[in-house]
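Visitor: Here is my input, please return the structure:
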Amino acid sequence: MSFLSPLLRLENLSTEPIMSLDHVPEAQRYNKDNIVAQWCAPINGKMYRIELEHGTTSGRRMIWVNGREVLRRDWMFKLVGEDTFCIEQARCIIRVDPAPGFKYEYSLYIDGKPHAQYTEELTRQYRLWLYTTGSETEMAQEYRIMLKLDTLSLYVNDELREETAVFVHGGTDTSFVLQDTHFVLQARSSGNKLDGIVHTLLANGELVPEAKIQQIMQEPVSILQTN
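Guide: Predicted coordinates for the structure are as follows:
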């Protein structure tokens, strides 16, 4: 005769791994200290931060995109290999390869291209500006303004703006307002066939310096966060 509760009998015990994180809310599962590799890439006019968690003792592998879990594998006995996932229509692969000294190398491929090559090619298709509004006494607001050159689509913090360009002498002006700041995106002919059209951004009449996509790799996660 057993003195144990019927609920504790062997046939009633869960067969799921006790290391599973299913019971933990997503916000609590994300731990910046567990990230072993991260990349940043523009996809369809939006900027994405891709992060990898690789637990060599727990056997857990997790992939995060802008702070959200897109793939998780628990109890992986093989610590090397590849994982495939998609960001919008882009097919992404993260490869884990062994390195000397019991270490690992991590590589990201997007649409079949290494991350560095993909980013370099995409950089030529976009123009990027970073701007912060507000003062010391007000809540600062960061804006990432991207122009996709082939479609002339304008994105602000990953949101597509429906703005209309107005023809002016020498080109076009596209005006929009963000938190009481008046922006004008100017498109002017360079007079050189190789350079084509030159795009500049003004904020309250002052020139905003153009940024490089690689700069965002050093920015806080908040500038890439999506709600």
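
Visitor: So which residues of the chain form helices?
Guide: Ranges of helices in the chain, per DSSP state H, are 26-29, 115-123.

Visitor: Out of those helices, which is the most enclosed?
Guide: When the helices of the chain are scored by mean count of other C-beta atoms under 10 Å, the highest mean neighbour count falls to helix 115-123 (a mean of 15). Just so you know, the C-beta spots here come from the backbone N, C-alpha and C atoms, and that holds for glycine as well.

Visitor: who's in contact with that helix?
Guide: 39-42, 107-111, 113, 212-214 (C-beta atoms under 8 Å, 6 or more residues apart in numbering).

Visitor: Now the buried members of those.
Guide: 39, 40, 41, 42, 108, 109, 110, 213 (16 or more other C-beta atoms under 10 Å).

Visitor: Strands - which of the residues you listed land there?
Guide: 39, 40, 41, 42, 108, 109, 110 (DSSP state E).

Visitor: Distance to residue 81 and pLDDT added to those residues, as JSON lines?
Guide: Output for these, formatted as JSON lines (distance: C-beta to C-beta, whole Å; pLDDT from 0 to 100):
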{"residue": "39", "distance to residue 81": "18", "pLDDT": "91"}
{"residue": "40", "distance to residue 81": "23", "pLDDT": "87"}
{"residue": "41", "distance to residue 81": "22", "pLDDT": "87"}
{"residue": "42", "distance to residue 81": "27", "pLDDT": "85"}
{"residue": "108", "distance to residue 81": "14", "pLDDT": "96"}
{"residue": "109", "distance to residue 81": "14", "pLDDT": "97"}
{"residue": "110", "distance to residue 81": "18", "pLDDT": "96"}
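
Visitor: Of those, just say which sits nearest to residue 54.
Guide: residue 108 (13.0 Å; C-beta to C-beta).

Visitor: Next up, the contacts around residue 173.
Guide: 165, 166, 184, 185, 186, 187.

Visitor: ok so, going back, for the helices of the chain, could you give me JSON lines that also reports distance to residue 178 and mean pLDDT?
Guide: Formatted as JSON lines, the helices of the chain follow (distance: least, C-beta to C-beta, whole Å; pLDDT from 0 to 100):
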{"stretch": "helix 26-29", "distance to residue 178": "28", "mean pLDDT": "68"}
{"stretch": "helix 115-123", "distance to residue 178": "24", "mean pLDDT": "88"}
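
Visitor: Would you reformat those helices as TSV and include distance to residue 80?
Guide: Below are the helices of the chain laid out as TSV (distance: least, C-beta to C-beta, whole Å):
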stretch	distance to residue 80
helix 26-29	23
helix 115-123	18
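
Visitor: Compare those helices and give me the one nearest residue 79.
Guide: helix 26-29 (19.9 Å).

Visitor: Show the buried residues in the contacts of residue 173.
Guide: The neighbour count (16+ other C-beta under 10 Å) marks 184, 185, 186, 187 as buried among the contacts of residue 173.

Visitor: For the chain, which residue occupies the most central location?
Guide: Central residue of the chain (C-alpha atoms, centre = their mean): residue 48, 1.4 Å from the mean position.

Visitor: Give me the distance between that residue and residue 181.
Guide: Here residue 48 is placed at a distance of 26 Å from residue 181 (C-beta to C-beta, to the nearest Å).

Visitor: Over to residue 37?
Guide: Per C-beta to C-beta, residue 37 is found 36 Å from residue 181.
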